[in-house]
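> I'll drop the sequence and a predicted model, then ask my questions.
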Amino acid sequence: MPDFVLSIDQGTTSTRAMVFDHAGRVLAAGQKEHRQILPRPGWVEHDPAEIWDNVREVVALALSRAGLTRHDIAAVGLTNQRETTVVWDRRTGKPVCNAIVWQDVRTQPLCDRLAADGGPDRFREATGLPLAPYFSGTKLAWILDNVPGARSRAEAGELLFGTMDTWVLWNLTGGPAGGVHATDVTNASRTLFMDLRTLQWDEGILAAFGVPPAMLPQIRSSAEVYGTVHGSQLLRLVPVAGILGDQQAATFGQAAFGRGGAKNTYGTGCFVVVNTGQDIVSSRNGLLTTVAYRIGAQPAHYALEGSIAVAGSLIQWLRDNLGIVGSAAEAEELAATVPDSGGAYFVPAFSGLFAPYWRPEARGALVGLTRFVTKAHIARAALEATAFQTREVLDAVNADAPVPLRELRVDGGMVANDALMQFQADILGVPVVRPKVAETTALGAAYAAGLAAGYWSGLEELAANWAEDRRWVPQLADTERDRRLRLWKKAVTRTFDWVDPDVRQ
């Protein structure tokens, strides 16, 4: 058995390849950002061809830095930004348009039309999801209706649909020359097309969206051998054996395998996932019901999820759009120069509000401004926004879940910010725990692939790899916590009903 597993993490802002050893430690990594294409307000796109080029480049970087070849790699795991949608020609491999990113809100009118018959929860019983632009099904329908010739070509069987895992898998395993067209249950559960109970595409929902079933990938488990690599000479014939959507991958990497296991990932967005075991739990408090993972032929495990659209991308916005900071590290340093936000509250509803509100017409707001407020206060308010949003999602989790959350395991790029993690513990009122391997998204995909390839023996061995790095405990007085939460909630209400029905931005 080769000594390592390679994970490809295709994220919203960049693509990474990471090599892991048997203890779950990172041996080497390669990473490259891709362009964020913003053609109109509310529209967010990526170039799929650029991303595929980046996949090959970061794989080469990771293997080179580790001093390894394909013969050292037991399996490849994939994880991805989940709802981002690609449609491409099965013969040439060329996309018919840019990928529509999960943050994109152009499909709200379609959601409104579908909700006219049955409301926004029309398909929730089957899929666990409300009608919202967030999910890939609405994006696919938009492409079919708006890209010239797409519908006729799809009906003729010429076009394929997939989320980014499907796009990368198809290209890795050969592309037009026999590439595997498949996805796993976690990504399929984010389309608005999959029945949570049967784990298959729902033909009635496909008909309502006007989507030809032949476009869709085969739904597979999260840990099995899908095929071998033919689209990269550096990994030629290595099995691709694990696929998990990024938030499920992070939950898996945090070893939250059992009922009640939970994590929060701080990345482009922010995502709380709570494992509900083999039970499908319907939320009454604005959470999503989704698939956590399925290992081979074993029963699926499900989860409740609270999705926050904007977290780390708010710092990127301060950097790229306003020029207030030059990097995430500079934002942290700037925020640390002031003890609080100076009364300012930043609600980053750039793509509407996700959980627990689901208000697509909301837009971002910076409120509570006085002449006292400086750019340092704004930087701090931007960081604190992530913690406030997480608190609201966890309030919903505690209302839905049978067992209240007693601590929160965290991961992702923002958990390196000690001040943010302390504020998160303060505003939650429970401990926040960071593992030694904070990049649990890539680790979770590696774990799934390694299980399928026999590199790891089972979940118990993976759980033994998890180790605590640091713990933050609440230090804020209850009265001050309550005051800040009250003001945050007031700020959130100021973002409601901003977009009028005749203007979708």
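All right, it came through fine.
> who does the helix or strand harbouring Lys490 touch, helix- and strand-wise?
Per DSSP states H and E, Lys490 falls inside helix 478-493. Helices and strands touching helix 478-493, by 3 or more C-beta pairs under 8 Å, 6 or more residues apart in numbering; DSSP states H and E, are strand 345-347, helix 375-400, helix 418-428. Every C-beta, even on glycine, is put in place using the N, C-alpha and C of the backbone.
> between those, which one is nearest to Val55?
Closest approach to Val55 among these (C-beta to C-beta): helix 375-400, 28.4 Å.
> following that closest one, which helix or strand comes up?
strand 408-411.
> what helices or strands is that next one leaning on?
Going by 3+ C-beta pairs under 8 Å, 6+ apart, strand 408-411 lies up against strand 262-266, helix 418-428, strand 432-435.
> Sheet-wise, list the partners of it with their directions.
Here strand 408-411 has these sheet partners by DSSP bridges: strand 262-266 (parallel), strand 432-435 (parallel).
> Now for Arg284, how many residues are close by?
9 (other C-beta atoms under 10 Å).
> if I pick it, what's in contact with it?
By C-beta atoms under 8 Å, 6 or more residues apart in numbering, Arg284 lies in contact with 399-400.
> Backbone dihedrals for it, both of them.
phi -110, psi 10 (degrees, to the nearest 10).
> Report pLDDT for it.
With respect to pLDDT, Arg284 scores 87.
> distance of it from Arg391?
Distance, Arg284 to Arg391, using C-beta to C-beta, to the nearest Å: 19 Å.
> again with Arg91
50 Å.
> Tell me if Val272 really is in a strand.
Yes: assignment of Val272 by DSSP: H, G, I helix; E, B strand; the rest coil places it within a strand.
> does it really touch Leu394, like I thought?
Yes: between Val272 and Leu394 there is a contact under C-beta atoms under 8 Å: 6.3 Å.
> quick check, distance from the strand or helix carrying Val87 to the centre of its chain.
In the assignment (DSSP H and E), Val87 maps to strand 85-89. Counting by C-alpha atoms, centre = their mean, to the nearest Å, strand 85-89 is centred 19 Å from the centre of its parent chain.
> Likewise for stretch 70-90?
14 Å.
> and what of stretch 299-316?
On C-alpha atoms, centre = their mean, the centre of stretch 299-316 falls 6 Å from the chain's centre.
> Do I have it right that Cys270 meets Ala311?
Yes: assessed by C-beta under 8 Å, Cys270 is found in contact with Ala311 at 3.8 Å.
> neighbour-wise, which of the two wins?
With neighbours defined as other C-beta under 10 Å, Cys270 and Ala311 compare such that Cys270 has more, 29 against 26.
> residues in contact with the more buried one?
264, 308, 311, 386, 389-390, 393.
> My read is that Trp201 contacts Ile219, right?
Yes: the pair Trp201 / Ile219 is scored as a contact, 7.0 Å apart, by C-beta under 8 Å.
> Now list whatever residues contact both of these two.
188, 194.
> Okay, and the beta partners of the closest residue to Asp202 other than its chain neighbours?
Among residues not flanking Asp202 along the chain, Asp195 sits closest, at 4.7 Å (C-beta to C-beta, 6 or more residues apart in numbering). Taking DSSP bridges, one obtains Gln200 as the residues bridged to Asp195.
> Counting neighbours, what do you get for Asp195?
Neighbour tally, Asp195, other C-beta under 10 Å: 19.
> try Glu33
10.
> for Asp117, same thing?
With neighbours defined by other C-beta under 10 Å, the count for Asp117 comes to 8.
> and the gap between it and Pro360?
From Asp117 to Pro360 the distance is 18 Å (C-beta to C-beta).
> ditto for Arg434
With C-beta to C-beta as the criterion, Arg434 and Pro360 are 33 Å apart.
> Between the two, point out the one with more neighbours.
Counted by other C-beta under 10 Å, Arg434 and Pro360 do not tie: Pro360 has more neighbours, with 24 against 20.
> can you pull the contacts of the closest residue to that one other than its chain neighbours?
Spatially, and ignoring its direct neighbours in sequence, Pro360 is nearest to Gly352 (3.9 Å; C-beta to C-beta, 6+ apart). Neighbour list for Gly352: 105, 133, 309, 358-363 [criterion: C-beta under 8 Å, 6+ apart].
> Pro130 - that's part of a strand, no?
No: the assignment for Pro130, made by three-state DSSP, is coil rather than a strand.
> That one reaches Pro120, doesn't it?
Yes: applying C-beta under 8 Å, one finds Pro130 in contact with Pro120, separated by 4.8 Å.
> any residues in contact with both of those two?
Contacts common to Pro130 and Pro120, judged by C-beta under 8 Å, 6+ apart, are Trp358.
> Looking only at neighbour counts, state which of the two leads.
Per other C-beta under 10 Å, whichever of Pro130 and Pro120 has more neighbours is Pro130, with 20 against 16.
> re earlier: find residues that contact each of Val272 and Leu394.
Common contacts of Val272 and Leu394, defined by C-beta under 8 Å, 6+ apart, comprise 306, 408.
> Neighbour count: the two, which is higher?
Remark: of Val272 and Leu394, Val272 carries more neighbours, 27 against 24, as counted by other C-beta under 10 Å.
> Let me see the contact set for Ile37.
Ile37 makes contacts with 44-47, 98, as judged by C-beta under 8 Å, 6+ apart.
> For it, give the beta-bridge partners.
Glu45.
> Distance of it relative to Arg65?
Ile37 is 29 Å from Arg65, by C-beta to C-beta.
> Next: Leu462.
25 Å.
> more crowded one of these two?
Leu462 (22 against 14).
> pretty sure the more buried one contacts Tyr447?
Yes: counting by C-beta under 8 Å, Leu462 does reach Tyr447; the two are 5.3 Å apart.
> Could you tell me which residues touch both of these two?
Counting by C-beta under 8 Å, 6+ apart, the residues touching both Leu462 and Tyr447 are 24, 456.
> Now do the same for the most far-flung residue of the chain relative to its centre: helix, strand or coil?
The C-alpha centroid of the chain is most remote from Arg371, which lies 37.4 Å away (C-alpha atoms, centre = their mean). Following three-state DSSP, Arg371 is assigned to coil.
> cool, Thr138 as well?
Going by three-state DSSP: Thr138 is helix.
> hmm, back to that, lowest-confidence stretch among the strands paired with strand 408-411?
strand 262-266 (a mean of 88).
> Just the C-alphas of that one, formatted as PDB.
Output of strand 262-266 as PDB, limited to C-alpha atoms (Å, rounded to 0.1, in the frame of the first residue of the first chain):
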ATOM      1  CA  ALA A 262     -21.000  19.400  15.100                       C
ATOM      2  CA  LYS A 263     -18.500  21.800  13.500                       C
ATOM      3  CA  ASN A 264     -18.400  25.300  12.000                       C
ATOM      4  CA  THR A 265     -16.200  26.100   9.000                       C
ATOM      5  CA  TYR A 266     -15.000  29.600   8.600                       C
END
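> Gly454 touches Met1, doesn't it?
Yes: using C-beta under 8 Å, Gly454 makes contact with Met1 at a distance of 7.0 Å.
> Please enumerate the shared neighbours of these two.
Common contact partners of Gly454 and Met1 (C-beta under 8 Å, 6+ apart): Ala74.
> before we move on, back to that, how close does the residue nearest to Asp202 get to Ile205?
Counting by C-beta to C-beta - Asp195 and Ile205 are separated by 8 Å.
> Kind regards, and thank you for your time.
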